[in-house]
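let's see this in three dimensions:
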Amino acid sequence: MNFQCTTAAFTVSHEPEGFVIFGSLAQRLSLVCGFCTSARTFALRLPPHSLSRDCTCLKLVVVISRRLYRQSDVGSPTGDFHPISSCPCRAYQSLPADAACGGAAEGGVRIFGEVMKYINKMKQIEITDILKFSSSLEAENPEYTYHKSYRYFVQYFADKSELTEQELMIGANLTYGWMPTIMNFKANNFEGALNILNKAKLAERISTDELLALKSLINNSLVGVSKLLHFVNPDVYAIWDSRVCHFLLGKSYKYIIEKPDLYWEYLNLCERVSKDLAFQPIHNSFENSVRYKVSALRVVEQLMFMNSHTTIVKF
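You can find the predicted model right below:
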């Protein structure tokens with residue numbers, strides 16, 4: 001890919017282990033490099049910007065770090081600054097207006113505030129606002145592709161007392177049979193991921209760090225990880241995606257969906273709904289429709305998913 005660019009040069013000493021580029025031109029940790037024992041000079045090719053007082057200034061922040069982030073941790077596919085078709089320069093990609101910011105520090109605070117706003121909205125959701133859509137689940141077709149395959153996905157993991165690398169490989173790829181993207185392993189932490197997946201079979205949720213470790217391996221997607229976790233333990237983890245997010249919050253920006261704290265709050269909401277007395281008849285009705293046993297969290301998620309053309313958010 002070719003871009004018209006301007007060049008900004010800077011020099012770093014041999015002391016730090018790496019640097020990170022962040023700001024309006026790089027909205028996530030995506031450009032990184034490690035260092036040898038000598039100082040180096042780097043020239044960043046940046047998109048041009050008109051010289052005018054009416055133009056906003058796209059800030060770029062170079063953070064010198066003593067920790068070396070591996071390429072697999074941050075998703076840099078080339079290990080350098082060359083734009084490629086699968087990872088184009090972010091200055092040429094559109095962002096939602098409420099996600100745009102003027103610099104790294106300001107942007108981090110802005111996004112954090114946005115996520116907290118949506119977490120608080122989710123805390124305030126009334127269960128009755130969700131259950132009033134229950135009639136949408138009354139006539140589910142058990143032969144529908146997702147219903148017919150779902151039971152086998154869940155049973156596959158239920159039959160395994162301990163998950164091995166084989167189950168991880170098969171599970172990740174069958175999960176992406178329900179996704180519009182191709183499955184790619186973004187890291188090589190397979191042993192650690194296996195330990196986490198086996199832990200996920202227990203009644204207690206895994207930690208945020210463990211969730212992020214799975215995400216870093218499995219396509220760097222929290223949506224994909226939520227599906228895999230649900231297949232492994234459907235009583236503890238619910239599927240989370242953009243349609244469910246839109247139903248609950250009226251927005252489905254990627255930077256919102258990929259936040260672990262919002263996912264945990266979503267699980268809290270699903271548990272609240274599943275424990276409501278009015279939910280049990282809905283659960284029973286859904287099982288009668290699809291003709292197999294299904295977890296409460298799956299029914300709650302389906303209730304949201306099937307009605308994602310609307311939203312229950314109260315502005």
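
check which residues of the host helix or strand of residue 288 are buried.
Assigned by DSSP states H and E, residue 288 falls within helix 279-290. By neighbour count with 16 or more other Cβ atoms under 10 Å, helix 279-290 contains the buried residues 279, 282, 283, 285, 286, 289, 290. Quick note: C-beta positions are derived from backbone N, CA and C, even for glycine.

go ahead and name everything in contact with the following helix or strand past that helix.
Downstream of helix 279-290, the next assigned helix or strand under DSSP H and E is helix 296-305. Residues outside helix 296-305 that contact it (Cβ atoms under 8 Å, 6 or more residues apart in numbering) are 130-131, 133-134, 136-137, 150, 230, 234-241, 243-244, 247-248, 267, 270-271, 273-274, 279, 282-283, 286-287.

neighbours of residue 168, how many?
By the other Cβ atoms under 10 Å criterion, the neighbourhood of residue 168 contains 21 residues.

next one: it from residue 162, what distance?
Between residue 168 and residue 162 the distance, using Cβ to Cβ, to the nearest Å, works out to 12 Å.

would you format the buried residues of helix 279-290 as JSON lines with distance to residue 123 included?
What follows is the buried residues of helix 279-290, written out as JSON lines (distance: Cβ to Cβ, whole Å):
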{"residue": "279", "distance to residue 123": "19"}
{"residue": "282", "distance to residue 123": "22"}
{"residue": "283", "distance to residue 123": "23"}
{"residue": "285", "distance to residue 123": "28"}
{"residue": "286", "distance to residue 123": "26"}
{"residue": "289", "distance to residue 123": "31"}
{"residue": "290", "distance to residue 123": "31"}
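
of the residues you listed, closest to residue 185?
residue 290 (32.1 Å; Cβ to Cβ).

what's near enough to touch the closest one?
Taking Cβ under 8 Å, 6+ apart as the definition, contacts of residue 290 comprise 140, 142, 147.

and it, how far is that from residue 135?
Shown here: residue 290 relative to residue 135, a distance of 16 Å by Cβ to Cβ.

do the same with residue 191
In this structure, residue 191 and residue 135 are separated by 47 Å, where distance is defined by Cβ to Cβ.

for the helix or strand where residue 128 lies, list the C-alpha coordinates in CSV.
With elements delineated by DSSP H and E, residue 128 resides in helix 127-131, which encompasses its position. Presented in CSV, the C-alpha positions along helix 127-131 are these (Å, rounded to 0.1, in the frame of the first residue of the first chain):
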residue,chain,number,x,y,z
ILE,A,127,-34.9,-7.0,34.0
THR,A,128,-38.5,-6.3,32.9
ASP,A,129,-37.1,-4.3,29.9
ILE,A,130,-35.4,-7.5,28.7
LEU,A,131,-38.1,-10.1,29.5
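
ok so, going back, now, of the contacts of residue 290, which are buried?
The buried subset of the contacts of residue 290 - by 16+ other Cβ under 10 Å - is 140, 147.

so which of the contacts of residue 290 are in helices?
Cross-referencing the contacts of residue 290 against helices under DSSP state H gives residue 147.

in TSV, list the contacts of residue 290 along with distance to residue 297.
Written out in TSV, the entries for the contacts of residue 290 read as follows (distance: Cβ to Cβ, whole Å):
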residue	distance to residue 297
140	16
142	19
147	16
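
and which of the contacts of residue 290 is nearest to residue 186?
Distance ranking of those against residue 186, using Cβ to Cβ, places residue 147 first at 30.3 Å.

separation between the closest one and residue 138?
Summarising the geometry, the distance separating residue 147 from residue 138, computed by Cβ to Cβ, is 14 Å.

report the contact partners of residue 263.
With contact taken as Cβ under 8 Å, 6+ apart, residue 263 is in contact with 211, 222, 226, 240.

neighbouring contacts of the host helix or strand of the third one?
Read that as residue 226. Mapping residue 226 onto the secondary structure by DSSP H and E places it in helix 222-232. Residues outside helix 222-232 that contact it (Cβ under 8 Å, 6+ apart): 153-154, 156-157, 163, 171-172, 174-176, 178-179, 183, 197, 200-201, 206, 211, 214-215, 218, 236-242, 257-260, 263, 297-298.

show me what secondary structure element comes after that helix.
Elements were assigned by DSSP H and E; along the chain past helix 222-232, the next helix or strand is helix 242-249.

okay, buried residues for that following helix please.
Under the neighbour-count rule (16+ other Cβ under 10 Å), helix 242-249 has 243, 244, 245, 246, 247, 248, 249 buried.

looking at this protein, which helix or strand is least sure?
Every helix and strand in the chain was compared by mean pLDDT, DSSP states H and E; the lowest is helix 71-74, with a mean of 37.

angle of the next helix or strand after that helix against helix 242-249?
As assigned by DSSP H and E, the chain's next helix or strand after helix 71-74 is helix 104-123. With axes from the mean of the first three to the mean of the last three Cα atoms, to 10 degrees defining the directions, helix 104-123 sits at 70 degrees from helix 242-249.

check which helices and strands helix 104-123 sits against.
Packing contacts for helix 104-123, counted by 3 or more Cβ pairs under 8 Å, 6 or more residues apart in numbering; DSSP states H and E, involve strand 18-23, strand 60-65, helix 242-249, helix 254-257, helix 260-274.
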